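> would you be able to build a 3D model of this:
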Amino acid sequence: MSTKKEKKKLIIVESPTKAKTIARFLGDDFLIESSQGHIRDLPKGKLGIDVENNFTAQYVTPTIKKKIVSKLKKLAEKSDEIYFATDEDREGEAIAWHLSQLLPTENKIIRRIAFHEITENAIKESLKNPREIDFNLFQAQQARRILDRLVGYKLSPLLWKKIFKGLSAGRVQSPTLRLIVEREKEIEKFKPKEYWSIKAILKNDEEEFEAKLVKINGKNLEKLSINSKDETEKLIRDLEQANYEIEKIKNKQLNKRSLPPFTTSTLQQEANKKLGFSVKQTMMIAQQLYEGISLTNKNTGLITYMRTDSLNLSYQFLNEAENLITKEFGKKYHHLQTYKTKSKSAQEAHEAIRPTFCENNPEKIASFLNKNQWKLYNLIWQRAIASQMADEILDSTTIEIKANYIKDKSEYELRASGLKINFDGWIKIYPEKQQENYLPKLEEKQKLNLKSIEPNQHFTEPPPRYNEATLVKTLEEYGIGRPSTYAPIISTIQNRNYAIKQQRSFIPTETGILVNNLLSEHFHQIVDYQFTAQMENDLDKIAQGEGDYLKMLNDFYQPFIKNLKMKEEQIQKNFNDEKTEEKCPECGEPLVIKTGRFGKFLACTGFPKCHYTKSLGDLKGNPNSQEIGIPCPKCQGEIVKKKTKKGKFFFGCSKWPKCDFAVWDEPVAEKCPKCRSIMVKKKDSIQCSNKDCK
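Predicted structure coming up:
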């Protein structure tokens with residue numbers, strides 16, 4: 001009796017879904033397994049870096065990963081060839097490197113393969129062109145991890161001593177917090193200024209149109225030029241008695257080029273603005289689309305890799321897009337477009353985010369996607385196709401109107417603008433807000449009649465608070481972090497209770513302001529935008545093989561630790577317990593007001609015998625309730641973090657009492673594969689929230 005030949009080629013990827021999708025394209029010679037993310041990390045609870053010995057990292061395998069590593073070791077022992085097919089970025093390279101250190105690789109053929117899309121051609125092409133593990137990429141990831149650990153583990157204890165326990169500082173989270181705090185300070189200091197605008201409703205023989213006052217006696221009106229009611233009323237009196245005549249009509253054609261395909265950053269911004277998705281939610285859904293969705297029982301990768309700064313598009317996609325556009329809309333709608341990225345660190349070998357196959361029209365595959373998957377895929381598909389379409393053509397008309405007030409020879413100029421879409425071009429598939437403005441048929445030197453003058457009072461407004469889209473845009477402009485790190489940065493400042501989201505905008509908590517003020521005064525480099533950006537540039541150089549790994553770490557650490565030791569002596573503790581007249585309801589001992597990470601609370605002085613506490617809200621006395629960027633599984637509202645009256649945290653729907661969803665453990669953006677309940681964090685693992693599900 002013959003036995004089936006044992007597989008001799010092992011491919012290791014990060015996720016089970018990715019493994020399932022790849023398995024479709026390869027034969028029985030290959031066994032595809034998942035590492036389920038990183039399999040080694042720095043230890044919890046201690047620094048884990050030997051700073052005296054070239055910053056040697058002391059990696060450990062977490063308990064939750066030991067079974068996976070054991071399984072991979074057994075499979076590796078039976079295999080002749082091992083392929084590391086993790087994502088082609090720093091994190092993916094680090095996973096591959098750690099696997100190569102842990103698995104038995106002696107007398108094995110070890111290959112590194114990478115691809116930007118999970119399609120049959122891409123997978124098979126990568127197998128034909130394997131490479132070595134890129135040690136420079138790994139070192140860049142390791143340097144970032146070490147820098148973050150040094151800041152977090154060395155600086156955070158100082159915050160505990162000088163403010164209160166539970167606080168943390170971070171190499172990129174702290175400059176991000178500074179942005180939010182400084183914007184709040186701008187808003188608090190802002191004093192509104194009054195200004196007025198004036199428009200006239202004019203008429204030719206039959207039709208009316210609007211014109212705005214733009215010049216007085218040849219001088220352009222600035223925004224704040226008319227700043228009082230008295231001045232406005234004087235202008236109205238003049239304009240009501242003026243003679244109106246069209247002086248000049250300017251007609252021109254405007255060509256509006258299509259928007260480029262998405263990069264990580266622009267996808268995060270647009271999904272937040274158009275779909276209301278958090279950055280974390282966008283990246284989670286994009287990961288699902290990249291790794292594969294089951295279409296007619298076949299896992300198919302729907303988009304290219306979602307962590308990219310490149311605007312390149314493959315020839316295959318350009319040809320597919322041309323065929324689709326020509327077929328659906330006609331030849332005049334197609335126009336080959338190429339785009340150049342502004343990012344200096346972009347890897348041009350990568351592609352922009354695009355659909356893997358143009359033929360997977362969002363409407364065609366809608367039944368295979370959940371609501372949010374469809375929304376994001378539709379956005380990506382439309383943007384990529386639109387990037388290869390012809391310009392939108394607009395007919396623009398500007399009419400300059402003279403208003404002469406004969407009495408004191410004052411001369412006023414008003415302007416009317418018209419806009420009409422001549423050819424829709426790319427906005428046919430990717431609609432943008434475009435307000436057409438109709439003007440009647442008019443001629444130069446034509447006299448006009450005044451119907452009315454309409455003054456409008458305005459007040460200058462403070463700069464808006466950051467939302468996720470504008471925060472991501474600003475982080476990118478400053479060079480703080482990289483697009484792949486924006487989601488964890490934004491999550492961290494919320495999880496640490498340094499900022500909360502209200503009406504989708506970030507507001508710093510009192511805790512966040514305290515931490516930022518201390519860091520800004522005593523550790524300016526940690527929150528300095530230029531310094532943080534330069535560190536990112538240095539990490540990029542290490543990734544490209546041009547930077548000195550140890551020099552970078554030393555240049556940061558030596559002055560940092562010297563300053564830290566000095567500040568430990570200089571900085572005074574910010575908070576001491578406040579006495580109250582209240583007695584503990586449980587033991588009768590006096591109660592004091594303490595300050596903690598989540599605000600002020602009453603605590604019994606009989607501790608540790610008595611554990612009574614009572615929350616007083618945040619440091620301003622406001623109750624805490626913060627969004628975590630995950631929709632409610634019952635009603636698609638937002639899940640928010642809340643406090644019970646006894647100060648215990650739980651997670652519930654923002655639409656309570658209409659929706660009663662609530663769990664004690666923090667939810668994650670995943671559903672149980674067995675019962676479809678939401679998954680939650682449990683110490684070192686992720687488990688189903690349904691108690692009846694095993």
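> what residues go with each domain of this structure?
9-133, 147-190+466-570, 194-257+392-459, 264-386, 578-663 (automatic domain parsing).
> let's have those in a markdown table, adding mean pLDDT and mean neighbour count.
In short, each C-beta sits where N, CA and C put it, glycine included. Shown next, in a markdown table, are the domains of the chain (pLDDT from 0 to 100; neighbours: other Cβ atoms under 10 Å):
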| stretch | mean pLDDT | mean neighbour count |
| --- | --- | --- |
| domain 9-133 | 93 | 17 |
| domain 147-190+466-570 | 92 | 18 |
| domain 194-257+392-459 | 93 | 15 |
| domain 264-386 | 92 | 19 |
| domain 578-663 | 78 | 16 |
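> got TSV for those domains, with distance to Ser689 too?
As requested, the domains of the chain are exported to TSV (distance: least, Cβ to Cβ, whole Å):
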stretch	distance to Ser689
domain 9-133	18
domain 147-190+466-570	19
domain 194-257+392-459	38
domain 264-386	17
domain 578-663	5
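> tell me which of these approaches Ser685 most closely.
domain 9-133 (5.5 Å; Cβ to Cβ).
> just the terminal-to-terminal distance for that closest one.
Distance across domain 9-133, first residue to last, is 18 Å (Cα to Cα, to the nearest Å).
> with stretch 668-682 instead?
Length of stretch 668-682, first residue to last, Cα to Cα: 11 Å.
> tell me which residues in that stretch are buried?
For stretch 668-682, the buried set under the neighbour-count rule, 16 or more other Cβ atoms under 10 Å, comprises Val668, Ala669, Cys672, Ser677, Ile678, Met679, Val680.
> strands - which of these land there?
When the buried residues of stretch 668-682 are checked against strands (DSSP state E), the matches are Val668, Ala669, Ile678, Met679, Val680.
> in those residues, find the pair that's most separated.
Farthest apart among these by Cβ to Cβ are Ala669 and Val680. That separation is 11.2 Å.
> which strands and helices sit next to the host helix or strand of Ile542?
Using DSSP states H and E, Ile542 maps to helix 529-543. Contact partners of helix 529-543 among helices and strands, from 3 or more Cβ pairs under 8 Å, 6 or more residues apart in numbering; DSSP states H and E: helix 135-162, helix 173-189, helix 468-478, helix 549-570.
> tilt between the helix or strand following the third one and helix 173-189?
To tie it back to what came earlier, the one meant is helix 468-478. Proceeding N to C from helix 468-478, the next assigned helix or strand is helix 483-495, under DSSP H and E. Interaxial angle, helix 483-495 versus helix 173-189 (axes from the mean of the first three to the mean of the last three Cα atoms, to 10 degrees): 60 degrees.
> what angle do helix 483-495 and helix 529-543 make?
Angle of helix 483-495 versus helix 529-543, following the same axes, to 10 degrees, is 140 degrees.
> give me the contact list for the very next helix or strand once past helix 483-495.
Later in the chain than helix 483-495, the nearest helix or strand by DSSP H and E is strand 499-502. Residues outside strand 499-502 that contact it (Cβ atoms under 8 Å, 6 or more residues apart in numbering): 177, 180, 493-494, 506-509, 512, 624-627.
> next: stretch 541-555.
54-55, 90, 136-137, 139-140, 143, 146-147, 535, 538-540.
> for the residues you listed, which one is nearest Ser265?
Asp540 (15.4 Å).
> correct me if wrong: that closest one contacts Ala140.
Yes: at 7.3 Å, Asp540 counts as touching Ala140 under the criterion of Cβ atoms under 8 Å.
> common neighbours of the two, please.
When Cβ under 8 Å, 6+ apart defines a contact, no residue borders Asp540 and Ala140 alike.
> need the contact list for the residue nearest to Lys655 when sequence neighbours are not counted.
Spatially, and ignoring its direct neighbours in sequence, Lys655 is nearest to Gly637 (4.0 Å; Cβ to Cβ, 6 or more residues apart in numbering). Gly637 makes contacts with Pro631, Cys653, Ser654, Lys655, Cys659, as judged by Cβ under 8 Å, 6+ apart.
> what about stretch 509-521, distance to the chain center?
With Cα atoms, centre = their mean, to the nearest Å as the basis, stretch 509-521 stands 23 Å off its chain's centre.
> can you check stretch 149-165 too?
26 Å.
> tell me which residues are up against that stretch.
42, 46-49, 51, 166-171, 174, 514-515, 518, 523, 526, 556-557, 560-561, 564, 567-568, 571-575, 594-597.
> helices - which of those land there?
Among the contacts of stretch 149-165, DSSP state H puts Ser174, Leu514, Val515, Leu518, Ile526, Phe556, Tyr557, Phe560, Ile561, Leu564, Lys567, Glu568 in helices.
> among those, which pair sits farthest apart?
With Cβ to Cβ as the measure, no two of the ones in helices among the contacts of stretch 149-165 lie farther apart than Leu514 and Tyr557, at 25.8 Å.
> coming back round to it: which of the contacts of strand 499-502 lies closest to Asp29?
Gln494 (47.0 Å).
> and the closest one, how far from Lys655?
Relative to Lys655, Gln494 is positioned 20 Å away (Cβ to Cβ, to the nearest Å).
> then Ser100?
49 Å.
> and Phe277, what does it touch?
Contacts of Phe277 by Cβ under 8 Å, 6+ apart are Ala271, Ile285, Asn372, Lys375, Leu376.
> and if you look at Glu207?
Going by Cβ under 8 Å, 6+ apart, Glu207 touches Pro440.
> go on, Ala211?
Lys199, Ala200, Leu202, Ile399, Ile401, Leu414, Arg415, Ala416.
> could you do Ala19 as well?
By Cβ under 8 Å, 6+ apart, the contact list for Ala19 reads Ile11, Val13, Ile32, Glu33, Ser34.
> could you dump those residues into CSV with secondary structure added?
Listed next are the contacts of Ala19 as CSV, based on DSSP: H, G, I helix; E, B strand; the rest coil:
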residue, secondary structure
Ile11, strand
Val13, strand
Ile32, strand
Glu33, strand
Ser34, strand
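> ok, those vs Lys234, which is closest?
Closest to Lys234, out of all of those and judged by Cβ to Cβ, is Val13, at 74.0 Å.
> which ones are touching that closest one?
Ala19, Ile22, Ile32, Glu33, Ser34, Ser35, Ala85, Thr86.
> quick one: the most centrally placed residue in the chain from Ile489, how far?
Central residue of the chain (Cα atoms, centre = their mean): Val279, 3.7 Å from the mean position. Going from Val279 to Ile489 by Cβ to Cβ gives 9 Å.
> so the residue located most distally from the centre of the chain: helix, strand or coil?
Centroid-distance maximum for the chain: Lys407 at 59.3 Å, with Cα atoms, centre = their mean. Under three-state DSSP, Lys407 falls in the coil class.
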